[in-house]
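coords please:
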Amino acid sequence: MKDYKKNFLIIFSLILVIAAGGVWGAMTGGTYKIDSDSINAGGIDYSFSGDNQIMDTLGETATGDSSSTNFSLSAGYRQMEESSLALSVSSQSVNLLPDLGGLTGGTSTGQTIITVTTDNSAGYLLMVQSASSPALSSVSDSFADYASAGAVPDYNFVLSISQSVFAFTPEGADIVDRYLDDGASTCGVASGSDSLNRCWDGFSTSTRIISSRGAETSPSGATTTLVFSAGIGANRAQTEGTYFATTTVTAIAL
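Sure thing, here's the model as predicted:
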């Protein structure tokens, strides 16, 4: 009897959001980057007196607020949003391995590393969501989005013999409490541990916060590894084909 194989591919799209601020540009070259510049007659970036601090610019032109139908502008060196935010992934397409047999079942895994770099002193949030429900599908079949037994992720990846499911878990120093565990059997533990390949969750078309830090991450950035797992139960006859999932990763500067 022929045992059909399944191929899995996760495709990423990236969204970069700066909350409560503006998007700004920078001049760059091969060995330099100027985040902002100002043509003026004077001023001091930082002045201190006891508990007071002042940033001043003298003689700058073309400052103030202006707007049109589609744009708004706060011009001037002191009005510019000074925080930066960068988001990258180690691979924007992830193949899950090994290929699985539709008549024998099994589990296939893959991962990508997400890096958030910001000089924002309030830190960042990192979120994921799927473009569709279910997240992983082919033209003729799909994998169910993983559903944990309770309100928090499952400590172990649970695969029923009659199901095909698709799940993820984040790893890293900044992952939120939902994905931290007690090192034994329970996830959702405040200030818990980040045990390897534990705390499995299902994708949703709504955003899920996976990592957060209340401080800047520059210059090296903060990394979160997103691990995927697709499983076919031993009694589940999965349709032959190549399966795709599109996942959006969103970073927000707080």
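
which residue ranges form the strands in the stretch 151-254 of the chain?
Ranges of strands within the stretch 151-254 of the chain are 164-171, 208-213, 222-232, 241-253, based on DSSP state E, counting those that start in this stretch.

Looking at the ones you listed, which one is packed in the most?
Compared across the strands of the stretch 151-254 of the chain, strand 164-171 shows the largest average neighbour count, a mean of 25 (mean count of other C-beta atoms under 10 Å). C-beta coordinates here come from the backbone N, C-alpha and C atoms, glycine included.

Low-confidence ranges, this protein, go.
1-5, 12-64, 70-82, 102-103 (pLDDT under 70).

hang on, the earlier thing: which stretch among the strands of the stretch 151-254 of the chain comes nearest Gly105?
With C-beta to C-beta, the closest approach to Gly105 among the strands of the stretch 151-254 of the chain belongs to strand 222-232: 4.2 Å.

so the closest one versus strand 241-253, what angle?
160 degrees (axes from the mean of the first three to the mean of the last three C-alpha atoms, to 10 degrees).

Alpha carbons of strand 222-232, as CSV, please.
Only the C-alpha atoms of strand 222-232 are listed here, as CSV (Å, rounded to 0.1, in the frame of the first residue of the first chain):
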residue,chain,number,x,y,z
ALA,A,222,16.2,40.3,22.1
THR,A,223,15.6,36.9,20.5
THR,A,224,12.5,34.6,20.7
THR,A,225,12.6,31.2,19.0
LEU,A,226,9.3,30.2,17.5
VAL,A,227,9.0,26.4,17.3
PHE,A,228,6.3,24.7,15.2
SER,A,229,4.9,21.1,15.4
ALA,A,230,2.6,19.4,13.0
GLY,A,231,1.3,15.9,14.0
ILE,A,232,-0.7,13.2,12.3
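
Show me what it is packed up against.
strand 5-18, strand 93-101, strand 106-118, strand 124-130, strand 164-171, strand 208-213, strand 241-253 (3 or more C-beta pairs under 8 Å, 6 or more residues apart in numbering; DSSP states H and E).

got the strands of the stretch 151-254 of the chain as CSV, with distance to Leu100 columns?
Compiled in CSV, the strands of the stretch 151-254 of the chain are given as follows (distance: least, C-beta to C-beta, whole Å):
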stretch, distance to Leu100
strand 164-171, 9
strand 208-213, 25
strand 222-232, 5
strand 241-253, 10
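
mind checking which of the helices and strands packed on strand 222-232 is nearest Gly231?
Of all the helices and strands packed on strand 222-232, strand 106-118 comes closest under C-beta to C-beta, at 4.4 Å.

Tell me how far the closest one lies from the chain's centre.
Distance of strand 106-118 from the chain centroid (C-alpha atoms, centre = their mean, to the nearest Å) equals 9 Å.

circling back to that earlier point, distance to Thr186 added to the helices and strands packed on strand 222-232, as CSV?
Output for these, formatted as CSV (distance: least, C-beta to C-beta, whole Å):
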stretch, distance to Thr186
strand 5-18, 28
strand 93-101, 27
strand 106-118, 22
strand 124-130, 22
strand 164-171, 14
strand 208-213, 18
strand 241-253, 26
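
Of the ones you listed, which is nearest Ser191?
strand 208-213 (13.1 Å).

Between strand 124-130 and that closest one, find me the angle.
160 degrees.
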